[in-house]
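J.: Dropping a prediction and its sequence here:
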Amino acid sequence: MSGTDATRVLVIGGGIAGTAAALGLHKAGYDVTVYEAHPDTAEDIGAFLTLASNGMRALAQLDATDAATAVGFPLTSLRLLDRDGTELTHAPLGEVAEPGLQYRCLRRGELNAALQGEAARRGIRVRHGARLVAVTDGPHGVTARFADGGTAHAHLLVGADGLNSTVRRLLTPGVRPGYAGQRIFYGYSGTAAGSDGTGVITFVRGGETTFGYAVSPAGQPYWFARVSTDPLPAGGCAHSAPWREELLPLLRKDSTPAADIVAASQGPVMVTNATEMPIGAVWHRGRILLIGDAAHAASPATGQGASMALEDAVVLAKALRDLPDAQAAFAAYERHRRPRVEHNITVSGGISRGGRNPSGPGPVVARPAEPDETLVTQLAWDSPLSAVPPEGD
């Protein structure tokens, strides 16, 4: 396949979902161009993320493992502390025995840059500063129009432009994510008391917060906190308020390392709302399809957002490779993906709305040590994707 409109795909959004989708579609033989609104290679908004073993498995199917392992650091075990600092659990995390499938902690911007660099190495075009304003889906293809007056035409358009997706707004006006009951704080600290070395991610089930941290090879704690409270004011700036000072009194009610880690924060503390898409939202219409957070954003309690987006990229590429036409491929993609990602929305949202003392921490619930064999088959590049998932998938 090359060159003609029938094989061209426009991907809107150059983040994790969009760039991974481009890698998958290119591997499947499509002519792909990525359009990213931000002018730079990566916009690191201050948050970090974890890629779970399932996300790393998806990257492997895209031949992109090295792009991720070149940045960040591995996580091989999980600790759970109660509000008194007592260790409740310390267990292996994910598929520890295979280095390429180990959990990985990364700064979002660094992962974006690494994936975009891999796309460029393969000859995939990534256009920065291209902010989508309109889409026309006609009988002979789809046309995207951008704020700078430019246009692009192709056979298909993939909306991978995240939580506040322009493609979703144009496709299904009025459908938007809702508040999932918590604010999420993120930061980075200098060396702090209670840091326990690399390879471990520690979760603290506090009285009024859920706190988590992992220590980089340089000894820097990456931390987050989830707090059940009202959403941030509309239009409020995530960096403008003294968020550290708001968070510290809550953490100091517990006898854990959390308060000392946050007190040692370097740089701004970022705060966002935990949000989620409604179950049953429309994912595709005509030649346009949504993937990643644009389609199925979940609260971050299970830590699966980036990994689910990487799974999406593999399954979409396989669907378009293996099914007879785009409509059949989009329908098969949805049948394979919707049950899994909407289960994650439900579980993660339930944890976020569980209040101060949820029945179990999200990271433990959502991170089995053994691989899901159905998922392994679904992601395996050399395994054809069926139009209908196996019963029970």
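T.: On my side now, so go ahead.
J.: all helices of the protein, in order?
T.: Taking DSSP state H as the criterion, the chain contains helices spanning 16-27, 53-61, 65-69, 108-121, 166-171, 243-251, 258-263, 293-296, 305-322, 326-352, 362-365, 373-379.
J.: so how far is the second one from its chain's centroid?
T.: Per CA atoms, centre = their mean, to the nearest Å, the displacement of helix 53-61 from the mean C-alpha position of its chain is 13 Å.
J.: and for it, what are the contacting residues?
T.: 20, 24, 51, 65, 67-68, 94-95, 100-104, 304, 306-308, 310-311, 313-314, 371-372, 375-376, 379-381 (CB atoms under 8 Å, 6 or more residues apart in numbering). Every C-beta, even on glycine, is put in place using the N, C-alpha and C of the backbone.
J.: re the thing from before, relative to Thr136, which of the helices of the chain is closest?
T.: Thr136 lies closest, by CB to CB, to one member of the helices of the chain: helix 166-171, at 9.8 Å.
J.: Find the centremost residue of this structure, please.
T.: Ala306 (2.2 Å; CA atoms, centre = their mean).
J.: And the pLDDT for that residue?
T.: Per-residue confidence at Ala306 stands at 97 (pLDDT).
J.: Do I have it right that it meets Gly15?
T.: No - contact criterion CB atoms under 8 Å: Ala306 and Gly15 do not qualify, at 9.1 Å.
J.: ok, the residue nearest to Ala120 when sequence neighbours are not counted - contacts?
T.: In space, Ala120 comes closest to Val126 once its chain neighbours are excluded; the distance is 6.3 Å by CB to CB, 6 or more residues apart in numbering. Neighbouring residues of Val126 by CB under 8 Å, 6+ apart: 14, 19, 22, 33-34, 36, 116, 119-120.
J.: if we can go back for a sec, any quick PyMOL command for the buried ones out of the contacts of helix 53-61?
T.: Command for PyMOL that selects the buried part of the contacts of helix 53-61, burial taken from 16 or more other CB atoms under 10 Å:
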select buried, resi 20+24+51+65+67+68+94+95+100+101+102+103+104+304+306+307+308+310+311+313+314+371+375+379
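J.: Tell me who's in contact with the spatially closest residue to Gly292 that is not a sequence neighbour.
T.: Leaving out its chain neighbours, the residue that sits closest to Gly292 by CB to CB, 6+ apart is Ala17, at 2.8 Å. Ala17 makes contact with 160, 162, 291-294, 309-310, 312-313, according to CB under 8 Å, 6+ apart.
J.: try 7 Å this time
T.: 160, 291-293, 309, 312-313 (CB atoms under 7 Å, 6 or more residues apart in numbering).
J.: what do you get for Thr198?
T.: 73, 215-217.
J.: switch to 8 Å and redo it
T.: Going by CB under 8 Å, 6+ apart, the list of residues near Thr198 reads 73-74, 214-217.
J.: The residue nearest to the centre of the chain and Leu115: what is the separation?
T.: Ala306 is 11 Å from Leu115, where distance means CB to CB, to the nearest Å.
J.: Between these two, which contacts overlap?
T.: Common contacts of Ala306 and Leu115 (CB under 8 Å, 6+ apart): Ile16.
J.: quick one: the strands in the stretch 101-250 of the chain?
T.: Taking DSSP state E, counting those that start in this stretch to define them, one finds strands in the stretch 101-250 of the chain at 103-107, 125-128, 132-138, 141-146, 151-154, 156-159, 178-188, 199-205, 210-215, 221-228.
J.: for the stretch 101-250 of the chain, which spans come out with low pLDDT?
T.: When residues are selected by pLDDT under 70, those of the stretch 101-250 of the chain lie in 191-197, 235-241.
J.: ok so, going back, weakest of the helices of the chain in terms of mean pLDDT?
T.: helix 362-365 (a mean of 39).
J.: Show me what Gly178 bridges to in the sheet.
T.: Glu276 (DSSP bridges).
J.: quick one, what contacts it?
T.: Gly178 touches 275-276, 278, counting by CB under 8 Å, 6+ apart.
J.: what's the answer for Thr50, then?
T.: Contacts of Thr50 (CB under 8 Å, 6+ apart): 75, 103-106, 201, 214, 303, 306.
J.: want to throw those residues into CSV with distance to Trp283?
T.: Formatted as CSV, the contacts of Thr50 follow (distance: CB to CB, whole Å):
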residue, distance to Trp283
Leu75, 31
Tyr103, 28
Arg104, 28
Cys105, 30
Leu106, 27
Ile201, 32
Ala214, 33
Gly303, 23
Ala306, 19
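J.: which of those residues lies closest to Ile184?
T.: Once CB to CB is applied, the member of the contacts of Thr50 that ends up nearest Ile184 is Gly303, at 11.2 Å.
J.: Relative to Leu80, how far out is the closest residue to that closest one other than its chain neighbours?
T.: Excluding the flanking residues, the one nearest Gly303 by CB to CB, 6+ apart is Thr50, at 5.2 Å. Noted for Thr50: a distance of 15 Å to Leu80, by CB to CB.
J.: Need the pLDDT of the residue nearest to Ile345 when sequence neighbours are not counted.
T.: Nearest-residue entry for Ile345: Ala298, 4.3 Å, with adjacent residues in sequence omitted and distances by CB to CB, 6+ apart. Listed pLDDT for Ala298 reads 97.
J.: Count the residues that sit near Ala298.
T.: Using other CB atoms under 10 Å, the number of residues around Ala298 comes to 28.
J.: Phi first, then psi, for it.
T.: phi -120, psi 160 (degrees, to the nearest 10).
J.: Could you list which residues are in contact with it?
T.: 180, 276-277, 304-305, 308, 341, 344-345, 348-349.
J.: Surely Met308 is in contact with Val341?
T.: Yes - when contacts are counted by CB under 8 Å, Met308 is listed as touching Val341 (5.5 Å).
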